[in-house]
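Undergrad: Predicted model and sequence below, questions to follow.
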Amino acid sequence: MLSGWSLRARLTAVATVLLGVGIAAGAALLAVTVSRTLQEAVDSGALQSAREVAALVDTRVLPDPVPVGGEGTAAIQVVDGQGRVRAASAGTDRLVPVLRPAELTAVRGGERLVVDGERLGLDGPLRVVGVPAGEPGDPQTVVVAVDYGSARSGGRLLAIGLAVGAPLLLAAVALATWLVAGRALAPVEELRRGAADLSGSGAGRRLPVPAARDEIHRLAVTLNDMLARLERTGARQRAFVSDAAHELRSPI
């Protein structure tokens, strides 16, 4: 497919494709890492609040309403084994639990859930965690729901930025590769033009030699040495032919 392209175009295409794969992989890894970091930060804050409330439940000094410690906390409920809300933070429903029975069992076992904020009359998703509390004969679960929309928005904005910035970076690198490849191959083009200008009668003419002491310089020197040897060989052949013609014209 690339056989009909110039060397400059092939170099640019290969470099751009390889770099594009690297940029795409790096962007995906960055987006996933940042999203997980934001999620872990949200979970860490929610769990810290849940553990603090659970400690108050265990020591039977839980105030009413339940204090909200972490920033972004939407609601805190203390739910018993029968699914009844024992205590709640200010502004939170004291009759209907935020989580359904199966969900309550899941968070009590350590799972983190994402639920619709409409359960609390809020916009956006909520990240919900749970921590066991209470005595063995009266098991309770501290449920903490925190705003998850900001974390998702941050990850989404990063993904959009990468989706816009990565192609621009790739285009800039492709242009730079094209220019650098053209500059690197310029001596080769000069050699080609010099070779095209040579003629059979142009004795003493040589190919241009680049100033840089690189492979192109050595190639030009080698080609010029070859031209010099060809000229000497041609000169000897012409001298021989001239001498032979003279001898043939002379009387025996």
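TA: That came through fine. What you see is a predicted model, and the numbers here were worked out from it, not measured in a lab.

Undergrad: pLDDT weak spots in the stretch 51-200 of the chain?
TA: 70-71, 199-200 (pLDDT under 70).

Undergrad: how about the helices of this protein, start to end?
TA: 7-58, 101-108, 149-197, 215-249 (DSSP state H).

Undergrad: who touches residue 41 in this structure?
TA: residue 151 (CB atoms under 8 Å, 6 or more residues apart in numbering). (Each C-beta comes from the backbone N, C-alpha and C, glycine too.)

Undergrad: And it, how close does it get to residue 101?
TA: Residue 41 is 29 Å from residue 101, where distance means CB to CB, to the nearest Å.

Undergrad: coming back round to it: with distance to residue 72 added, can I get the helices of the chain in JSON lines?
TA: Output for the helices of the chain, formatted as JSON lines (distance: least, CB to CB, whole Å):
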{"stretch": "helix 7-58", "distance to residue 72": "7"}
{"stretch": "helix 101-108", "distance to residue 72": "18"}
{"stretch": "helix 149-197", "distance to residue 72": "7"}
{"stretch": "helix 215-249", "distance to residue 72": "62"}
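
Undergrad: Quick check: which of the ones you listed is nearest to residue 88?
TA: Checking the helices of the chain against residue 88 by CB to CB gives helix 7-58 as the closest, at 10.5 Å.

Undergrad: what's the angle from that closest one to helix 149-197?
TA: 170 degrees (axes from the mean of the first three to the mean of the last three CA atoms, to 10 degrees).

Undergrad: Out of the helices of the chain, flag the one nearest residue 81.
TA: helix 101-108 (9.5 Å).

Undergrad: Please name the residues that touch the residue lying closest to residue 178 once chain neighbours are set aside.
TA: For residue 178, ignoring the flanking residues on the chain, the nearest one in space by CB to CB, 6 or more residues apart in numbering is residue 12 at 4.7 Å. Applying CB under 8 Å, 6+ apart to residue 12 gives the contacts 174, 177, 178, 181.

Undergrad: redo that, cut-off 6 Å
TA: 177, 178, 181 (CB atoms under 6 Å, 6 or more residues apart in numbering).

Undergrad: Is it possible to get TSV of the residues you listed that adds neighbour count and distance to residue 126?
TA: Formatted as TSV, the contacts of residue 12 follow (neighbours: other CB atoms under 10 Å; distance: CB to CB, whole Å):
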residue	neighbour count	distance to residue 126
177	18	48
178	17	50
181	18	54
